[in-house]
Structure formats: C-alpha cells, structure tokens
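> sequence first, predicted model second:
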Amino acid sequence: MAQRSGSADLPLHGGRVPKWLGERMTRLGAVMCEAVIHHYGRDELLRRLAHPFWFQSFGSVMGMDWHSSGITTSVIGALKRGLTPLSGELGIHVCGGRGAHSRRTPHELTAIGERIGFDGARLATVSRLVAKVDSAAVQDGFDLYLHGFIVTDDGDWVVVQQGMNGDSKVARRYHWLSEGLKSFVDQPHAAIEGANQGEIVNLTDHRAEASRQGQLSLLQDLGPDRILREFAALDADGAAPAPAQPLLPHLVMPAHHDVRESDIVMRRLHGNMAAAAERGPEDFSDLLLVPGVGARTVRALALVAEVVHGAPCRFSDPGRFSIAHGGKDRHPFPVPLKVYDETIGVMKSAVRKAKLGREEEIGALKRLDDQSRQVEKYVTGPSLKEIVAGEFDQSHLLGGRSVFGWEPPPDQAAGAQGKKA
C-alpha cells in the first residue's frame, strides 16, 4: 500500500460529533488499532492509515457519516484520545488535529522525541515541510485546516491532513507515509484524496522535475523582479494555457447522504451477512449465550473484522461498512448503541485475551473475515432497501440513536409523521 496515489470527492459537512458517539468511536477505534498491531504490527497500521479507501471505511464502521469530510476530523480525534493512554504499551503516538491542535504538532513531536528517544526536532521539521508542500507546492484550491501526525517509537510515521474549498463545498484529504519516501518534493504522497477542481499546480509530481529546476534557474539568473516582468508580458500576450495534468485514479464520494445500492458492492455485503450467520453460532457459541449479544452483533463484527484484516481492494465501497453501526444522521439508519457497545465489548475481550496468549476469540474474528470472502462468491441476500428497512424496524429495540434523538418504535414514528401532515 506504500506510495499509492488517488483522489476522491469528500462533501463538506457541518456540525459536531455528539458526545455519545465520540466516546464510542474512541473506544472502538483504539481497540481495532490494537487488533491490527497484534496481528500485523505497527508498520501495517501506518500503511492502512495512509490508504484513503481504508481510512474512509474505518470511519464508516465507527458510525460517522460514511461519505463526508467529517470522517477525517473525527477519526484523527478518536485515535488521539484512544491511543494516547496506550502509547507506552503500543509504541504509537498521535499528534496534531484540527485548527490550533495542528499548529502544536511540532511541539508535541519534540516532546515525545525527548521522552522516547527518536529525533523529535527532525520530525517537527518534517511536519512543517509536509504542511508547506500541501499548501504551497500543491496549489489545488484547498486551504489546509487539519494536520494529524502519527509516529511510532521507531520514528516511522504517517501524516493525514485535509483542506477545504469553501466555494465548491468539497474537502481534499492528503496522506503521507514515511515508508519508501525518498523526497518531499518528488511524488511523495501515499495518496491524495479529493475532487478534481480543474487545473492543478502540482510541483511535487515527478513530471514537474524540469519545472522545479527551471524555476530555481530563473530565480538565480534573473532575480524575482525580472521574473515578474516576464510573467506580466506573457499574460498580456495571452499565452496558451498549459495542458491539463492527467487525472489520478480516484474514489468518488457522492453528495447524497443516503446509502444506495450503487454505493455498495452487494455481493461483499451478502458475504459479510452470510459469514455471520454461518460462522457466528460455531465460533461465538459462548458469546451468544451472554444476554443481549446475538446475531446482529456478530453481523457488525463481520464488518469490523474486515477492516482489521481485509486487503486494500476490499475498501472501494466505504458505504458498506456503515451497515455495521449506522450513522449519526440516520443514514443508513440510526446508530444501534446496544450493538455498538457489544461490538466494543467483544473486541476488547478478544484483544485482552490475545495479549495473554489466548487467541480463541481474536482467531474467531479472523475466521469470520475469511468466511466472508469465501461465501460471497455464491451467496445472495436481501436488497439494501430491505436491509435498511429491517434496521429501522428494530432500531428502537437496539438503542437506536442519532443527532435527532432516540429512535421511537415504528408506530410512534408513523403517528408523529401523521400529526405533522
């Protein structure tokens, strides 16, 4: 996954993450990171955070708006809150954030470096340089407002930062990864995520090497005043525009808030559901005897397990992962808090026992993901509309909640709609 490139639309959304969701995102995000580190190591977690498709799916499975720019802010915030208390154990540190928090990143890196033993001052310079490249060397119409820097005890790092274009109401997310990075100004990005906003000045593209060298030569030979006069003369003559830069592969996150079948690879979702139905009773027999933990939780765990174990190609449809725990704005359905809490409980139990050498539960999650891929080749299932309708029907029984409040029983909701009409 190192040095991947891409782009995607991320619609700008206002509002805040409610406390009841933010606290759960903190717990689930941290324990999922623990699971990734347990199975694959810290470097693999960095690679996944540098992958824009995985990052969006990670936020979706935690109940954030599946397609929006808000996933970036909320995920970085949740990881900072959840992983900081575990930094001594896991050897991973989350710095920065949005606004004023982003400007404190160099100071945080220097302080952590002094405590842990890596060159924090050098990484503070890296932080400033990464921000400068994405705000100056890549002039794409987006103003940076978030900068997250995640670093390990070994000094390896990933940067996730985001800018917004207020006119188009679109955000662009940038991913950097230290692994394999040879230059900060020659194709350094692991990925660029965001909408194509027309012609982009990208001086970090490998094809811009001649341009970078030419600009340095002009500055040395002519000086800034002469360059400005020459530029004014070209502008007056109506010079032909430069050819558009070829578009990079991109994930298009649609503007519509509802999750549609066109947003999901349904065979994968049916595979998740079938694996939960077939594997759940066998691998989670003891768990299913606990009051309140049932098939719906195992279905959510199938999607969580895929985020922990899935290959890069599995995350082309981030909307699918919102089927695990819904969304705070009732899209695709209200967040089922009982299921969410049970998911966190199962994950914490599995990770805790794995640390003690008891791999049964965490191994069951891995088998759940393996089964999903095996059965998706031939299983069928209900339509997305039917799945979502079923979730709304039982939402009040599962602690359904959104930014609009607790979800009432369907008959009460229908009665309220009738009164409004």
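Arrived safely, thanks for sending.

> the spatially closest residue to residue 142 that is not a sequence neighbour: what secondary structure?
Nearest-residue entry for residue 142: residue 163, 3.2 Å, with adjacent residues in sequence omitted and distances by C-beta to C-beta, 6 or more residues apart in numbering. For the C-beta atoms, the positions are set from N, CA and C on the backbone; glycine is no exception. Taken by DSSP: H, G, I helix; E, B strand; the rest coil, the conformation at residue 163 corresponds to strand.

> partner residues bridging residue 163?
Beta bridges link residue 163 to residue 144, residue 172, judged by DSSP bridges.

> let me know the pLDDT of it.
Residue 163 is assigned 87 on the pLDDT scale.

> so it makes contact with residue 147?
No - the pair residue 163 / residue 147 is not scored as a contact, 10.0 Å apart, by C-beta atoms under 8 Å.

> who has more neighbours, those two?
Remark: of residue 163 and residue 147, residue 147 carries more neighbours, 28 against 22, as counted by other C-beta atoms under 10 Å.

> can you pull the contacts of residue 98?
73, 76-77, 145-146 (C-beta atoms under 8 Å, 6 or more residues apart in numbering).

> mind running it again at 7 Å?
73, 145-146 (C-beta atoms under 7 Å, 6 or more residues apart in numbering).

> where does the prediction get shaky in the chain?
For the chain, the stretches with pLDDT under 70 are 1-9, 134-140, 181-252, 286-293, 413-421.

> now name the helix or strand holding residue 347.
helix 337-355 (DSSP states H and E).

> do the same with residue 307
Residue 307 belongs to helix 295-309, assigned by DSSP H and E.

> what's the first helix or strand after that helix?
Following helix 295-309 in sequence, per DSSP H and E, is helix 322-325.

> spell out which helix or strand contains the spatially most central residue of the chain, please.
A centroid search over the chain (C-alpha atoms, centre = their mean) returns residue 55, at 2.4 Å, as the residue closest to the centre. Assigned by DSSP H and E, residue 55 falls within helix 52-61.

> ok, residue 94 next?
strand 92-98.

> tell me how far that strand lies from the chain's centre.
14 Å (C-alpha atoms, centre = their mean, to the nearest Å).

> so for the next helix or strand after the helix holding residue 347, what gets flagged as buried?
Heading C-terminal from helix 337-355, the first helix or strand you meet, by DSSP H and E, is helix 360-375. By neighbour count on 16 or more other C-beta atoms under 10 Å, the buried set for helix 360-375 is 361-362, 364-366, 368-369, 371-373, 375.

> do the same with stretch 23-40
Here stretch 23-40 shows 24-38 as buried, counting by 16+ other C-beta under 10 Å.

> against which helices or strands is the helix holding residue 55 packed?
helix 70-83, helix 295-309, helix 322-325 (3 or more C-beta pairs under 7 Å, 6 or more residues apart in numbering; DSSP states H and E).

> restrict the helix holding residue 347 to CA atoms and write it as CSV.
C-alpha atoms of helix 337-355 as CSV (Å, rounded to 0.1, in the frame of the first residue of the first chain):
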residue,chain,number,x,y,z
LEU,A,337,-26.0,1.7,20.6
LYS,A,338,-26.6,-1.8,22.1
VAL,A,339,-24.9,-3.4,19.1
TYR,A,340,-22.1,-0.8,19.1
ASP,A,341,-21.4,-1.4,22.8
GLU,A,342,-21.5,-5.2,22.4
THR,A,343,-19.0,-4.9,19.4
ILE,A,344,-16.6,-2.9,21.6
GLY,A,345,-17.0,-5.4,24.4
VAL,A,346,-16.2,-8.4,22.1
MET,A,347,-13.2,-6.6,20.6
LYS,A,348,-11.8,-5.6,23.9
SER,A,349,-12.2,-9.1,25.3
ALA,A,350,-10.6,-10.7,22.2
VAL,A,351,-7.6,-8.3,22.3
ARG,A,352,-7.2,-8.6,26.1
LYS,A,353,-7.1,-12.4,26.0
ALA,A,354,-4.8,-12.4,22.9
LYS,A,355,-2.3,-10.4,25.0
